[in-house]
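> Any chance you can model this:
(chains A and B)
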Amino acid sequence: MSVTDTYTPVPDTGGPAQPLISVRGLQKHFPIKGGILGRMQGKVQAVDGVSFEVKKGETLGIVGESGCGKSTTAKLLIGLIEKDKGEIIFDGHALGERLSLKDLRRGVQMVFQDSYATLNPRLTILDSVAFGARVQGLDDPDDLARKMMDRVGLDPNRFAHRYPHELSGGQRQRVNIARALAMSPRLVVLDEAVSALDKSVEAQVLNLLSDLREEFGLTYVFISHDLNVVRYISDRILVMYLGEVVEVAPVDSIWSEQAHPYTRSLFSAMPAMDPDERTEEPPLAGDPPNPINPPSGCRFHTRCRFASAVCKERAPNLAGLTRRGDHLVACHLYDAGSGHPKAGQGVPK
Amino acid sequence: MTKLVDIQNLNVCFKGKRTVHALNDVSLAMEQGETLALLGESGSGKSVTLKTLLGLLPPKRTQIDGKIAVNGIDVMSLRGKALQRYRGGEVSMVFQEPALALDPVYTVGHQIAEAVMRHKGVNKAEAMSTALDMLDRVRIPSANRRLHTYPHELSGGMRQRVMIALALACRPRLLLADEPTTALDATVQIQILLLLRELQKEFGMGVIFVTHDIGVAVEISERIAVMYAGQIIEEGTTREIIRDARHPYTRGLLAANLHDVARGERLNAIPGAPPALEVRPESCPFAPRCPVAMAECRAALPPVFHPSDRRRVACLRAAEPIAAE
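Predicted structure coming up:
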């Protein structure tokens, strides 16, 4: 019996047109407590009003700098932390209503950045991979785990009884992928899953992820700060800044034209690969602001070259570009009625 | 003119529970004012090279042989006061994690001034004004106020600027930078790279910049030396390495950068993983992963091939024309 036969995901309920996961108005604020009385002194607005959809079989890449809420979004998606507000709908079923947390985890699994910290050091590789399947009461978890290990390129006879510290970073990340897939998920959230790996190993793991996606019909949410990697693996890219979505678009569309001023800066901050075309001018000055007290209105206005009075006052809505409806951007420059002096013109070249 | 750096046949071996041959027969020369990127993956010996240059490795557990001269100074023979003068005076270092490298209990101004007083023998007031000048030069806004802040009050990018100001305060001839931008966000990373480039021009110092990111190396350096398994396997100008890489490992690294790879196209990944270095490599260390390896590659260390002046490739097949892939 091949590994594909043991792969038994929860059945598709809504047909191909229904998004696999749909997130509406997701919000998560972390309170900061301090002082002698431990009173709340402020809150980190980690994720604020985030909405997006991931279609079946699609890979959505999420990019942004540290503190932009990428990882918090990931953790909310699989219910590792509780949301404050908003809806998470998996294949038509809203989490907390028709869908329990345990059911959600059968359909959604996650691979984390730090391959060492996310494996129990006292469990063998086999036990780690079989753990989730055992909790969910699937048939013969050990056999399933061995097949999955074999599929990700770890010979079960050599690795099954080893411990995480005996493996290299690349091998450990394969274990994490096998552990996620042992649950036969339909959606895998990969949070900086290849970022800690060396370049040559990263390419191997990316090839593996592409193969698995095809073989098991997986849907990925792929979070990374490396734009080249995100472009390679994703169908659509979502850009976050300080807890908000600033732009969502198909890869080719965003690669040829970055609509939001922040996206444009982020793309031009990529180091050149040509010694004759080195960067001469940094695209942005200073560090990203603190998400504890984010700027008012459009959160990017403090660093934006095109900011005007309206940007400080009102937050822009995420809306489609006139020419391409599937390319969404949240910027007053694209909204003819926003009151920005250059409204409706888009970002100047 | 004396060479800024002249390393000859350097071997570094860590003894302890297990032996690690971290550097194997490394030779490297740099002219005054050059910027060199040491490019390689984890465990390739990049950071060990920098630490050896500063004499930072624990002497009890490290066996070092070979020759290191910086500006004509024999680094291996330095002890006590002379070593203190050399560190920070002649050569200084910027580390990857400025939050760990800076002392949390002193203000940043105090830390910079302390180094200046030690090396230049000036009084506190003069040293503080040097510190202020340095904060200005690394483009820290309202430097006067920042002088009296503690490291934890600064953002990651600002801390790295302070680290650079501290390293350059005594005008070293050589700056060692160990992945100084890896922990930073992309938009901050490019700011720090451009700052280092400017300061290098301004002060005319030499820079050795350790990185695993080819794009970063391209942005910062004139020359690149690629390391693998404790050896330098290829060296040349940045242009030569990017446009005409000869070593199969360098070519694999360039491909793995995913620049200009079509979506969904299968990646030309280098199979396997780097060797463990518990024994000193006696044959080409890359041969087990190499797509073009021959029997000879597994028999002995490859000869070093010099296609042009100051360009070298440690590969048996480097002289052959590269087959179109």
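> Near whatever residue of the stretch 1-150 of chain B ends up closest to chain A, how many other residues are there?
When scored by C-beta to the nearest C-beta, the stretch 1-150 of chain B has B:Glu41 as its residue closest to chain A, at 3.8 Å. Any C-beta I mention is one placed from the backbone N, CA and C, and that applies to glycine too. Neighbours of B:Glu41 under the rule other C-beta atoms under 10 Å in any protein chain shown: 22.
> and what of A:Pro185?
A:Pro185: 24 surrounding residues under other C-beta under 10 Å.
> Apart from its neighbours in sequence, what residue is nearest it?
Here the nearest residue to A:Pro185 in space, its sequence neighbours aside, is A:Gln109; by C-beta to C-beta, 6 or more residues apart in numbering or on different chains that works out to 4.0 Å.
> A helix includes the one you found, no?
No - using DSSP: H, G, I helix; E, B strand; the rest coil, the secondary structure at A:Gln109 is strand, not a helix.
> For chain A, what's its nearest residue on the stretch 201-325 of chain B.
For the stretch 201-325 of chain B, C-beta to the nearest C-beta, closest residue to chain A: B:Gly215, 3.0 Å.
> In three-state terms, label that residue for me.
Look at B:Gly215: counting by three-state DSSP, its state is helix.
> And for the one 10 residues further on?
Under three-state DSSP, B:Ala225 falls in the strand class.
> show me what contacts it?
B:Ala225 is in contact with B:28, B:36-39, B:232, B:234-235, counting by C-beta atoms under 8 Å, 6 or more residues apart in numbering or on different chains.
> how many neighbours does the closest residue to A:Thr118 other than its chain neighbours have?
Take A:Thr118 and drop its neighbours on the chain: the residue closest to it by C-beta to C-beta, 6+ apart is A:Phe112, 4.5 Å away. The number of residues packed near A:Phe112 is 20, by other C-beta under 10 Å.
> ok so, going back, just give the number of residues close to the residue of the stretch 201-325 of chain B closest to chain A.
Residues lying near B:Gly215 (other C-beta under 10 Å) number 20.
> need the contact list for it.
Counting by C-beta under 8 Å, 6+ apart, B:Gly215 makes contact with A:270-273, B:257, B:259.
> who wins for neighbours among these?
Neighbour-wise, those (other C-beta under 10 Å) top out at A:Pro271, 22 neighbours.
> For the stretch 51-200 of chain A, which residues are neighbours of chain B?
Residues of the stretch 51-200 of chain A lying near chain B by C-beta under 8 Å from any C-beta of the partner chain: A:65-66, A:168-170, A:198-200.
> change it to 7 Å
For the stretch 51-200 of chain A, the residues in contact with chain B (C-beta under 7 Å from any C-beta of the partner chain) are A:65-66, A:168, A:170, A:198-200.
> what comes up buried for stretch B:244-255?
When burial is assessed from 16 or more other C-beta atoms under 10 Å in any protein chain shown, stretch B:244-255 yields the following buried residues: B:245-255.
> Kindly provide the distance from A:Tyr163 to chain B.
In this view, A:Tyr163 and chain B are 17 Å apart by C-beta to the nearest C-beta, to the nearest Å.
> before we move on, what SS does A:Val47 have?
At A:Val47 the chain is in strand, as set by three-state DSSP.
> Would you mind confirming that it makes contact with A:Gly243?
Yes - applying C-beta atoms under 7 Å as the test, A:Val47 and A:Gly243 come out as touching, 5.1 Å apart.
> Need the overlap of contacts for those two.
A:Gly69 (C-beta atoms under 7 Å, 6 or more residues apart in numbering or on different chains).
> neighbour-wise, which of those two wins?
For A:Val47 versus A:Gly243, the count of surrounding residues by other C-beta under 10 Å is larger for A:Val47: 31 against 26.
> Could you tell me what pLDDT the model assigned to that one?
Looking at A:Val47, its pLDDT reads 93.
> what does the one 3 residues further on give?
According to the per-residue confidence, A:Val50 scores 94 in pLDDT.
> That one: what's it in contact with?
Neighbour list for A:Val50: A:23, A:26, A:73, A:244-245 [criterion: C-beta under 7 Å, 6+ apart].
> rerun at 8 Å
A:23, A:25-27, A:69, A:73, A:86, A:240, A:243-245.
> Any buried residues in the helix or strand encompassing B:Ala131, and which?
In this assignment (DSSP states H and E), B:Ala131 forms part of helix B:124-137. Going by neighbour count (16+ other C-beta under 10 Å), the buried part of helix B:124-137 is B:127-128, B:130-132, B:134-135, B:137.
> could you dump those residues to CSV with distance to chain A and pLDDT?
CSV is the format used below for the buried residues of helix B:124-137 (distance: C-beta to the nearest C-beta, whole Å; pLDDT from 0 to 100):
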residue, distance to chain A, pLDDT
B:Ala127, 28, 95
B:Met128, 25, 95
B:Thr130, 25, 95
B:Ala131, 21, 95
B:Leu132, 20, 95
B:Met134, 19, 94
B:Leu135, 15, 95
B:Arg137, 16, 92
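> Can you tell me which of those comes closest to B:Arg18?
B:Met134 (42.3 Å; C-beta to C-beta).
> quick one: terminal-to-terminal distance for stretch B:293-310?
Stretch B:293-310 has an end-to-end distance of 25 Å (C-alpha to C-alpha, to the nearest Å).
> out of the contacts of B:Ala225, who's nearest A:Gln18?
Nearest to A:Gln18 among those, counting by C-beta to C-beta, is B:Leu39 at 47.1 Å.
> dump the residue contacts of the residue in the stretch 151-300 of chain A that chain B sits nearest to.
Proximity to chain B, evaluated over the stretch 151-300 of chain A using C-beta to the nearest C-beta, is greatest for A:Pro271 at 3.0 Å. If you count contacts by C-beta under 8 Å, 6+ apart, A:Pro271 has them with A:279, B:189-190, B:193, B:213, B:215-216, B:218-219.
> Same list (those) but as JSON lines, adding distance to A:Asp235.
Shown next, in JSON lines, are those (distance: C-beta to C-beta, whole Å):
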{"residue": "A:Thr279", "distance to A:Asp235": "28"}
{"residue": "B:Gln189", "distance to A:Asp235": "27"}
{"residue": "B:Ile190", "distance to A:Asp235": "27"}
{"residue": "B:Leu193", "distance to A:Asp235": "31"}
{"residue": "B:Asp213", "distance to A:Asp235": "26"}
{"residue": "B:Gly215", "distance to A:Asp235": "24"}
{"residue": "B:Val216", "distance to A:Asp235": "28"}
{"residue": "B:Val218", "distance to A:Asp235": "29"}
{"residue": "B:Glu219", "distance to A:Asp235": "30"}
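> For the residue nearest to A:Pro185, the count of nearby residues, please.
Applying other C-beta under 10 Å, we find 23 residues neighbouring A:Gln109.
> Thanks again, I'm all set now.
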